[in-house]
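Enquirer: Got a predicted model here, sequence first, then my questions.
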Amino acid sequence: MVDWQSFTPVSAFAGGVIIGLATAILLLLAGRIAGISGIIGGLIELRKGDIAWRAAFVSGLLLAPWLWRWAGELPPIRIETGDALLALAGLAVGIGTRYGSGCTSGHGVCGMSRLSPRSMVATFLFMTAGMAVVYIIRHSLG
Amino acid sequence: MLIPLIALFSGLIFGLGLILSGMTDPAKVLAFLDITGQWDPTLMFVMLGAVSVGFFAFRIAKQRGQTVFSAPIQLPGKRTVDLRLVTGSLLFGIGWGLSGICPGPGLIMAASGETGGIIFVLAMLLGMFIFDLLERRHQANLNSNHRQREVIETK
């Protein structure tokens, strides 16, 4: 059943378009792909001559909530997961996105945009796995 | 100097888009993943919006083959689906389903000072570091196997 009360398609679509524009800017002006896990991964690897643009992109991302706050109030961030589970989730996301060569941005946005078969498979798999975990936690265990 | 400046601007815009879209609210992400519960389909529209712009951007990129400043565009070359892609994406999905947080929004939550976001990001960085260590060991093994084979072959 669709939860119409929290359904906000207009701001979601607008936010998506802005994400798409940011991707287009990085691609067509700098020749790089806006895949966030890959960008951070490259920073951890410390690949020579490839650090500056990655650090700059991440800095921009980190500045975003501050710029937003300067203009108004941030939308709510409701984290309902306990700290231990959050750490476990972060670990899985870190290892998983690096082995799978991408996350929601690299595969879900960039890969889907260029109709990459690898990214379509990856997006299908992480969405399905995410849905399965939520199903197990909310409807099977709980 | 120009490329880092473009990257900074792109990262900032990307982050603002994430905040506006609702992706930085884990409860909303989990409601999207909860298809058999009170389903909130909102996040489908984020991808729809992003891909509708990205589709044309990548088409232009492919046609031009270079950036506006005539520099090369770096696109992933791999085309085959392998075990690493499958297991990695599944593991990522499990982490995403446990928390409702993926890498970009995680960074934004941490930057806004949310303790949960900071915990998630530190663990994520640790995970990426572990991947890097395993990867280096794997490469070293491959190289030494290769050398051993060469030694045997030259004998």
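Expert: Nice, I can see it.

Enquirer: Report the contact partners of B:Thr67.
Expert: Residues near B:Thr67 by C-beta atoms under 8 Å, 6 or more residues apart in numbering or on different chains: A:Leu27, A:Leu28, A:Leu29, A:Ala30, A:Gly31, B:Ile73. In short, each C-beta sits where N, CA and C put it, glycine included.

Enquirer: Now do the same contact list for the fourth one.
Expert: If I follow you right, that is A:Ala30. Under the criterion of C-beta under 8 Å, 6+ apart, the contact partners of A:Ala30 comprise A:Trp53, B:Leu2, B:Ile3, B:Ile6, B:Ala7, B:Ser10, B:Thr67, B:Ala71.

Enquirer: let's see it at 6 Å
Expert: For A:Ala30, the set of contacting residues under the criterion of C-beta atoms under 6 Å, 6 or more residues apart in numbering or on different chains consists of B:Ile3, B:Ile6, B:Ala7.

Enquirer: before we move on, the earlier item: please flag which of the contacts of B:Thr67 sit within helices.
Expert: Among those, the members falling in helices (DSSP state H) are A:Leu27, A:Leu28, A:Leu29, A:Ala30.

Enquirer: measure the last one to B:Leu48 for me?
Expert: This points to A:Ala30. A:Ala30 sits 25 Å away from B:Leu48, taking C-beta to C-beta, to the nearest Å as the criterion.

Enquirer: likewise the second one?
Expert: Relative to B:Leu48, A:Leu28 is positioned 21 Å away (C-beta to C-beta).

Enquirer: More neighbours: these two, which one.
Expert: Neighbour comparison, A:Leu28 and B:Leu48: the larger count goes to A:Leu28, with 19 against 15 (by other C-beta atoms under 10 Å in any protein chain shown).

Enquirer: before we move on, back to that, could you list which of the contacts of A:Ala30 also contact chain A?
Expert: Contacts with chain A are made by B:Ile3, B:Ile6, B:Ala7 out of the contacts of A:Ala30, judged by C-beta under 6 Å from any C-beta of the partner chain.

Enquirer: Skipping its backbone neighbours, what lies nearest B:Lys78 in space?
Expert: On the basis of C-beta to C-beta, 6 or more residues apart in numbering or on different chains, the spatially nearest residue to B:Lys78 that is not a chain neighbour turns out to be A:Arg118, at 6.3 Å.

Enquirer: For that neighbour, grab the count of nearby residues.
Expert: Applying the criterion other C-beta under 10 Å, we find 20 residues in the vicinity of A:Arg118.

Enquirer: can you pull the contacts of the most centrally placed residue in chain A?
Expert: Per C-alpha atoms, centre = their mean, the C-alpha nearest to the average position across chain A is that of A:Thr104, at 4.4 Å. With contact taken as C-beta under 6 Å, 6+ apart, A:Thr104 is in contact with B:Cys102.

Enquirer: Show me the helices in the chain, by range?
Expert: Unless you meant another one, I'm taking chain A. Assigned by DSSP H, the helices in chain A fall at A:9-30, A:36-45, A:52-71, A:83-99, A:112-113, A:117-135.

Enquirer: I was thinking of chain B, sorry if that wasn't clear
Expert: Read by DSSP H, chain B holds these helices, from start to end of the chain: B:2-21, B:26-33, B:42-64, B:83-99, B:103-111, B:115-154.

Enquirer: Pipe these into CSV and attach mean pLDDT per row.
Expert: Formatted as CSV, the entries for the helices of chain B read as follows, by pLDDT from 0 to 100:
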stretch, mean pLDDT
helix B:2-21, 97
helix B:26-33, 97
helix B:42-64, 96
helix B:83-99, 98
helix B:103-111, 98
helix B:115-154, 88
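
Enquirer: Tell me which of the ones you listed is the most buried.
Expert: Mean neighbour count (mean count of other C-beta atoms under 10 Å in any protein chain shown) peaks for helix B:103-111 among the helices of chain B, with a mean of 27.

Enquirer: Mind giving me the packing neighbours of it?
Expert: Contact here means 3 or more C-beta pairs under 6 Å, 6 or more residues apart in numbering or on different chains; DSSP states H and E; on that basis helix B:103-111 packs against helix A:36-45, helix A:52-71, helix B:2-21, helix B:115-154.
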